[in-house]
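Novice: pasted the sequence and its predicted model underneath.
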Amino acid sequence: MKIDANGVYYRDLNTKIREAVAGGADKLELVNVNGQYFIGDGINKPITITVNGVPGNDLGAFMNGATIVVKDNAQDNIGNTMNAGRVVVHGHAGDVLGYGMRGGRIHILKDVGYRVGIHMKSYNENRPVLIAGGKAGDFFGEYMAGGVLILLGMFTDSPDKAKHGFRFGTGMHGGVIYVRGGVDEGKLSPEVGVFDLTAEDKKELESYLKEYCADFKLDLKEVMKEKFVKVLPKSKRPYGNMYCPMPR
Amino acid sequence: MKHKPTHNFQKDISNCGLTGFISKSGKLVEGDVIIKSIALMHDRGNGLGGGFAAYGIYPGYKDFYAFHLMYESGLALQLTEEYLEQHFFVEHQEEIPTRRVAAIANPPAFKRYFVKPLETADYKEAVEFQKMTVEDIIVGHVMRINNEIEGAFVVSSGKNMGAFKGVGYPEEIADFFRLEEYKGYIWTAHNRFPTNTPGWWGGAHPFTLLDWSIVHNGEISSYGINKRYLEMYGYLCTMLTDTEVVAYMLDLLIRKHGLSPELASMALAAPFWDMIDRLPEEDRQLMTAIRQVYGSGLLNGPFAILFASNDGLIGLNDRVKLRPLVCATKDDFVYMASEEAAIREICPAPDYVWSPRGGEPVVAKLNPGVI
C-alpha cells in the first residue's frame, strides 16, 4: 500500500497510517514525506513502513514491534520510549535519539546529534540496541541505564568532524557503549571507564552488527576490522554522594 | 460514570521555530520562499507571534535608514512624526502596505520612513564633542522613541532591510504584510510559542537594531544580567521579551567594540571553563579574556538564534545545544532552520546538510563587493 504524503498535515497522515495498520496491511510505503511529526508512533503490529523523504520529529515514539525504514535523513527524537521494533535510517539523524528506549533496534547509517541514547534502559530480555554508523555529538549515552549503544564513526558527510563529542557518558550508570577505533578519553565524563572487549562481548557485538550490516548491505568484515573498545559506568550510582554521603 | 482521559490528547506540544537563508552572491529571492519554509513548521508555534526580516528589499532607498514604525494610537503616530521631523530628513514616508486578513484581529498601524539624520545642533554636538557615529545617533533615537513615546515602537531601523512581525501564525503575518511582494537576498522567519513573556505585536520576533535582526528559539535566563549590563551603554529594553537583549548585545560587541562575529558568538555562548583549560595556550588566553570581559554578556539558557545584518547570516546554538539547528548549503545559498524538513521544503536536494556544534557559530557572509 502506498500513501502520498505531499503536503498532508501530520494528523491526517498518521490517521491514514493507523487505518492501514488496523486494516491488516503488512507493508506501507509513504512517498513525498517532509517534516510530518509522529510517524509510526505507538504502532504495535509487525508492519513495515517505508518513508521516502525526511520524516518529522518523534518518529517511532512508543513503537511496539513495527519496522520503519527511512530512505533519507531523519530529525530529532527518534524512538522515544520505544518498546520493540526497528527504525532504520539511510542518512543522518538528529538529537535525543532513543530517549528512554527500552527495546528494539535503531540503526542510523550516518551521523547522529546530541544526547543520543539518553536514559536508555533494559529489563531482562528487553535490551535496546542503537547503532550509529557516523559521528556523534556531545552527551552520547547521557544518563544511560541499560541497553547497548554502538558508534562506528565510518559513514559521514562531515569527514573533518570528531568521531564523538564532549561529556561522553555523563551520568551513565548502566548498559554498555561500544566504539569502533577507540575513544578520545579527554572527552569522557568522569563517570565512565574504557575497557577491552571479552570474547563474549565480541560475539554479542558481532551479532548486533550483523543485523546492522544486513540493513544497509555493508560488509561486516570491514566493520569488524578495526578494534572496538567498551565504555562502562564506574558506578551504578554516580551521583549517590553528590549532596551527602550515602551508604553503598 | 464516563471514563475521563488523564491527558488532553489533542494538545499540541509546541516550541518556537525559525528558518532563514542567504544568497551569498546577492540573488534576490521572493518572499514566497521563506513563507513556505516557516509554514512547514506551523505547529512549532501557537499563533501568538510570527515575523520576518528581509534584506535588500529597498534598493531605491538603500542610503537611507528605513524606519518601520508600529503605532498603537493616533497620538503615538503624531508625536513620533513630530519627533522624526525634528531630527531627520525624511526622503519618503508611507503606510506599510497590508491587507485585511481574517486571522489578524485589531492590528496596530504601520508606517515606514526613509530617513537621514539632520545636522542639528544636537547632532553636531554628538559627532564633534561626544565622538558619536551616525549609527550611535540612530540607536539613541530608536531608544528614545521606544522608551519615551507611549504606543510607538521602532520595528526596524536599518538600511535596505525591514522587519515585519505581529501576533498570528507567521504565514498569516506574511499575508497581512503582503510579503510575497518583496525580494531580498537574506530572509529570516520566526514562529513563536511564547512561554515566559506576553504574546503582543512588539514581542514577536525578529528583534532589531540598525540592520541587526534576531530570531530566537529558547529562553534567555540571564536576561536580567544582560539587561542591566546593556543599560550601562544606553540600551533600554522596552519589548518585554528576553530576545531583545541579543540584538543590543550584538550591536555593542560587534559594531561598538569591534569584535568579529565569531568572537562575539564566543562571548554569547562561551565555552565552559574546563573546555577552555584544554585549549592551546593562545586560544586559552583569548577565551579567558572574553569570558572575563564579557561575563555579563553570556547568554544563559537554551537557545538557537539566527542573526542577520547587511553583511550576512549567522546561526548559533547555546553551548550544550538544547535547541535544534540544522544547516545546509546549495550553490551560493546557505540555509539554517530548526528542522531539516523546513530547508528541504524550499531546497529539496541540498549539497551538504549538517548540524552545527553547540556554541559554534555558522557564519555565512555575503560575497565581497555584492553590496
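Specialist: Sure thing, it's come through. Numbering: from 1, shown residues only, chains lettered A, B, ... in the order given.
Novice: name the element the residue of the stretch 251-371 of chain B found nearest chain A belongs to?
Specialist: Going by Cβ to the nearest Cβ, chain A is nearest to B:A341 of the stretch 251-371 of chain B, at 2.8 Å. Where you see a C-beta, it was placed from the backbone N, CA and C, and this is true even at glycine. Using DSSP states H and E, B:A341 sits in helix B:340-344.
Novice: number of residues surrounding the closest residue to A:K230 other than its chain neighbours?
Specialist: Computed as Cβ to Cβ, 6 or more residues apart in numbering or on different chains, the closest residue to A:K230 that is not its neighbour in sequence is A:F195, at 4.6 Å. The burial count assigned to A:F195 is 12, neighbours taken as other Cβ atoms under 10 Å in any protein chain shown.
Novice: list the residues that contact A:F195.
Specialist: Residues counted as contacts of A:F195 (Cβ atoms under 8 Å, 6 or more residues apart in numbering or on different chains) are A:V229, A:K230, A:V231, A:L232.
Novice: which one of those is nearest A:Y37?
Specialist: Using Cβ to Cβ, A:V231 comes nearest to A:Y37 of these, at 32.5 Å.
Novice: quick check: beta-bridge partners of that closest one?
Specialist: As for beta bridges, A:V231 partners with A:I177, A:V194 under DSSP bridges.
Novice: just checking, next helix/strand downstream of the helix holding B:A341?
Specialist: Later in the chain than helix B:340-344, the nearest helix or strand by DSSP H and E is strand B:352-354.
Novice: tell me if the very next helix or strand once past that following strand is near chain A.
Specialist: Next in sequence after strand B:352-354, counting helices and strands by DSSP H and E, comes strand B:362-365. No - Strand B:362-365 lies out of reach of chain A by Cβ under 8 Å from any Cβ of the partner chain, never closer than 12.7 Å.
Novice: who touches strand B:362-365?
Specialist: With contact meaning Cβ under 8 Å, 6+ apart, strand B:362-365 is reached by B:22, B:24, B:261-262, B:311-316, B:327, B:334, B:336, B:356.
Novice: likewise stretch B:174-181?
Specialist: In contact with stretch B:174-181 (Cβ under 8 Å, 6+ apart) are residues B:30-32, B:34-35, B:38, B:50, B:52, B:54, B:96-99, B:101, B:103-104, B:107, B:110, B:164, B:166, B:168.
Novice: and A:S122, how close does it get to A:V148?
Specialist: Using Cβ to Cβ, to the nearest Å, A:S122 is found at 8 Å from A:V148.
Novice: revised request: answer the last question for B:G359.
Specialist: Using Cβ to Cβ, B:G359 is found at 30 Å from A:V148.
Novice: ok, for whatever residue of chain A ends up closest to chain B, nearest residue in space, not its chain neighbours?
Specialist: Of all residues in chain A, A:G35 sits closest to chain B, at 2.8 Å by Cβ to the nearest Cβ. Closest residue in space to A:G35, ignoring its immediate chain neighbours: B:A341 at 2.8 Å, by Cβ to Cβ, 6+ apart.
Novice: between A:S122 and A:V148, which contacts overlap?
Specialist: Counting by Cβ under 8 Å, 6+ apart, the common neighbours of A:S122 and A:V148 are A:P128, A:G175.
Novice: contacts for the helix or strand containing B:E135, please.
Specialist: Under the criterion of DSSP H and E, B:E135 resides in helix B:134-148. For helix B:134-148, the external contacting residues (Cβ under 8 Å, 6+ apart) are B:65, B:69, B:80, B:83, B:87-88, B:117, B:123, B:126-127, B:132, B:152-154, B:157, B:209-210, B:234-236, B:238-239, B:251, B:255-256.
Novice: cutoff 6 Å now
Specialist: The list of residues contacting helix B:134-148 from outside it, by Cβ atoms under 6 Å, 6 or more residues apart in numbering or on different chains, reads B:Y65, B:P117, B:A126, B:A152, B:F153, B:V154, B:S157, B:L210, B:L236, B:T238.
Novice: check the residues you listed and tell me the two furthest apart.
Specialist: B:A126 and B:F153 (23.3 Å).
Novice: neighbour count for those two, which is higher?
Specialist: Each of B:A126 and B:F153 has its neighbours counted (other Cβ under 10 Å); B:F153 has more, 21 against 18.
Novice: now a ChimeraX select for only the buried ones of the contacts of A:F195.
Specialist: Here is the ChimeraX command that selects the buried residues among the contacts of A:F195 (16 or more other Cβ atoms under 10 Å in any protein chain shown):
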select /A:229,230,231
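Novice: would JSON lines of the contacts of A:F195 with distance to B:N15 and pLDDT be doable?
Specialist: Listed next are those as JSON lines, based on distance: Cβ to Cβ, whole Å; pLDDT from 0 to 100:
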{"residue": "A:V229", "distance to B:N15": "37", "pLDDT": "98"}
{"residue": "A:K230", "distance to B:N15": "36", "pLDDT": "97"}
{"residue": "A:V231", "distance to B:N15": "32", "pLDDT": "98"}
{"residue": "A:L232", "distance to B:N15": "35", "pLDDT": "96"}
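Novice: so which of the contacts of A:F195 is the closest to A:Y9?
Specialist: When the contacts of A:F195 are ranked by distance to A:Y9 (Cβ to Cβ), A:V231 comes first, at 42.2 Å.
Novice: so which bits of chain A are right by chain B?
Specialist: A:N34, A:G35, A:V54, A:N73, A:Q75, A:D76, A:G113, A:Y114, A:S158 (Cβ under 6 Å from any Cβ of the partner chain).
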